[in-house]
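> compute the structure for the input listed below.
(chains A and B)
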Amino acid sequence: AQTVTQSQPEMSVQEAETVTLSCTYDTSESDYYLFWYKQPPSRQMILVIRQEAYKQQNATENRFSVNFQKAAKSFSLKISDSQLGDAAMYFCAYRSYGNQFYFGTGTSLTVIP
Amino acid sequence: DTGVSQNPRHKITKRGQNVTFRCDPISEHNRLYWYRQTLGQGPEFLTYFQNEAQLEKSRLLSDRFSAERPKGSFSTLEIQRTEQGDSAMYLCASSLGDRESYGYTFGSGTRLTVV
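Got it, this is the predicted structure:
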């Protein structure tokens, strides 16, 4: 079974600074998709960014970008110009040719004013 | 239609009681998923529907759990004879089509507390 590992249970960042959240995964498949989801306290999970494994170019969505290293099975999320509203739990997720996502255990991000 | 709706938001029940949760997906989404999330963990897959057909069930879904999506629209998740270990957030999500690149749209979840 696929596993997704987030080794940083908690991270903090000063407002306007940059922070990187780590994620590694284990799979024997060559085609798959990777996602970062954000879960604010008591609110629903929101898709932040996605990456197709067959694409070498790293995905970018405004202040959010990823560093996808396929050989290393690493998929980190960089948040630039951090804002107070970025404070949340962030989950890395993997999906292949099936119908379920495999989620990591999450990283709780605190943004310090 | 503003998103995936789950009811109730919170449920406290006594051990041994039955509970039922409801999920209303985005109307044009043909796929609906149930996940369970315990404290400090990421969501874990329980089951999914394509239209009204339940196509996959996790081994996490014991015999006490049953899910339905009778008309391919809303879905219900029932837990019979609840146990304290069932305390968790139950998340519903929906998606359109079967492309793996699609992400889910999640609801806000139903938090179950079994006392």
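> mind listing what B:Tyr48 touches?
A:Asn99, A:Gln100, B:Arg31, B:Leu32, B:Tyr33, B:Trp34, B:Gln54, B:Leu55, B:Glu56 (CB atoms under 8 Å, 6 or more residues apart in numbering or on different chains). Glycine gets a C-beta too; all of them are placed from N, C-alpha and C.
> one more time with 7 Å
Contact partners of B:Tyr48, counting by CB atoms under 7 Å, 6 or more residues apart in numbering or on different chains, are A:Asn99, A:Gln100, B:Arg31, B:Leu32, B:Tyr33, B:Leu55, B:Glu56.
> that one is in what secondary structure piece?
Assigned by DSSP states H and E, B:Tyr48 belongs to strand B:44-50.
> quick one: strands adjacent to that strand?
strand B:31-37 (antiparallel), strand B:53-57 (antiparallel) (DSSP bridges).
> alpha carbons only: can I get it in PDB?
Output in PDB follows, covering the C-alpha atoms of strand B:44-50 (Å, rounded to 0.1, in the frame of the first residue of the first chain):
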ATOM      1  CA  GLU B  44      -8.500   7.400   6.000                       C
ATOM      2  CA  PHE B  45     -10.700   6.100   3.200                       C
ATOM      3  CA  LEU B  46     -13.900   4.300   4.100                       C
ATOM      4  CA  THR B  47     -15.900   3.900   1.000                       C
ATOM      5  CA  TYR B  48     -16.900   5.500  -2.300                       C
ATOM      6  CA  PHE B  49     -19.900   5.600  -4.600                       C
ATOM      7  CA  GLN B  50     -20.200   6.200  -8.300                       C
END
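> up against chain A, what does chain B have?
Counting by CB under 7 Å from any CB of the partner chain, chain B comes close to chain A at B:40-43, B:45, B:48, B:56, B:100-101, B:103, B:106-109.
> low pLDDT regions in chain A?
Within chain A, the segments meeting pLDDT under 70 span A:1, A:97-99.
> tell me how far the residue nearest to the spatial centre of it lies from A:Ser12.
Nearest to the mean C-alpha position of chain A, counting by CA atoms, centre = their mean, stands A:Trp36 at 3.4 Å. Distance, A:Trp36 to A:Ser12, using CB to CB, to the nearest Å: 18 Å.
> okay, strands next: where are they in the chain?
Just going to use chain A. Under the criterion DSSP state E, chain A contains strands at A:3-5, A:10-14, A:19-21, A:24-26, A:33-39, A:46-52, A:60-61, A:64-69, A:74-79, A:88-95, A:102-103, A:107-112.
> hmm, I had chain B in mind actually
B:5-7, B:10-13, B:19-24, B:31-37, B:44-50, B:53-57, B:65-68, B:75-79, B:88-95, B:105-106, B:110-114.
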